[in-house]
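In: here you go, sequence then predicted model.
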Amino acid sequence: MSRLLIILCTLLLGANIAFSSGRPAPGPKPKGTDGAYNISVRGYYRGEGTATVTGNTISLTGTLHGEKGEQGDFAAPNLVISGNYVTGQGNILGQAVNIYGRLDPTGEGGGKKLKTARFVATVATADGHHIRIEGLLQSPPKSDAPRTPSGGGDDGDGPNDGPGPDHQNDRGHIVDDDDNGPSSDELP
């Protein structure tokens, strides 16, 4: 009996270590992420909307279209932010869904330098459909770092970029509008 108890305790301890080591412990919400985001929804349901980050919550709203012609609203009024992670429930075309996401501040994001804060999330509906939500902060916070003076083809909105502002493409990614090739700060 004691041998069985030792094996059981060892298995439980191992499972606890395996499941808890995948993510860092939640900390404070990333700085500079409050504000309004333009979001794009892609997958079985497609559409556009807005997200608002205030305090430790995110609210999402939008209009979606399904692959079979369904149309309707998307809403998640009270997603909870814990560290960089976002979780909660929402509603897509009358169907309750669980939302799991991440909030990345300016300058971070999976090894890439972000120009502005980013919100990404994954949703699996009860009927087995999947969607991806991506959004960028509309008014990024001003950087305290000195900017490179304009001139010589640098418009000051990213390193080694050319004339003209960068823009957000249809997938919600920032792209450079110059003809010099991609800049090092563009999102995938």
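Out: Thanks, I have the structure now. Numbers count the residues shown, from 1 in each chain.
In: and the residue nearest to Lys29 when sequence neighbours are not counted, what helix or strand is that in?
Out: Nearest residue to Lys29, sequence neighbours excluded (C-beta to C-beta, 6 or more residues apart in numbering): Ile81, at 4.9 Å. C-beta here means a position set from N, CA and C on the backbone, and glycine is covered the same way. In this structure, Ile81 sits in strand 71-82 according to DSSP states H and E.
In: which residues of this structure fall in strands?
Out: Per DSSP state E, the chain carries strands over the ranges 35-43, 45-54, 57-66, 71-82, 85-92, 95-104, 118-124, 130-137, 167-168, 174-175.
In: partner strands of the longest one, parallel or antiparallel?
Out: Under the criterion DSSP bridges, strand 71-82 sits next to strand 57-66 (antiparallel), strand 85-92 (antiparallel) in its sheet.
In: pull the residues that contact the shortest one.
Out: I take that to be strand 85-92. Residues outside strand 85-92 that contact it (C-beta atoms under 8 Å, 6 or more residues apart in numbering) are 23, 26, 45, 58, 60, 64, 72-80, 96-103, 119, 121, 123, 125, 131.
In: just the buried ones from the residues you listed?
Out: Buried members of the contacts of strand 85-92, counted by 16 or more other C-beta atoms under 10 Å: 45, 58, 60, 64, 72, 74, 76, 79, 97, 99, 101-103, 119, 121, 123, 125, 131.
In: follow-up on the earlier one: in TSV: the strands of the chain, plus distance to Lys112 and mean pLDDT.
Out: Converted to TSV, the strands of the chain look like this (distance: least, C-beta to C-beta, whole Å; pLDDT from 0 to 100):
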stretch	distance to Lys112	mean pLDDT
strand 35-43	18	96
strand 45-54	20	96
strand 57-66	22	95
strand 71-82	21	95
strand 85-92	19	95
strand 95-104	9	94
strand 118-124	10	95
strand 130-137	13	95
strand 167-168	15	53
strand 174-175	10	53
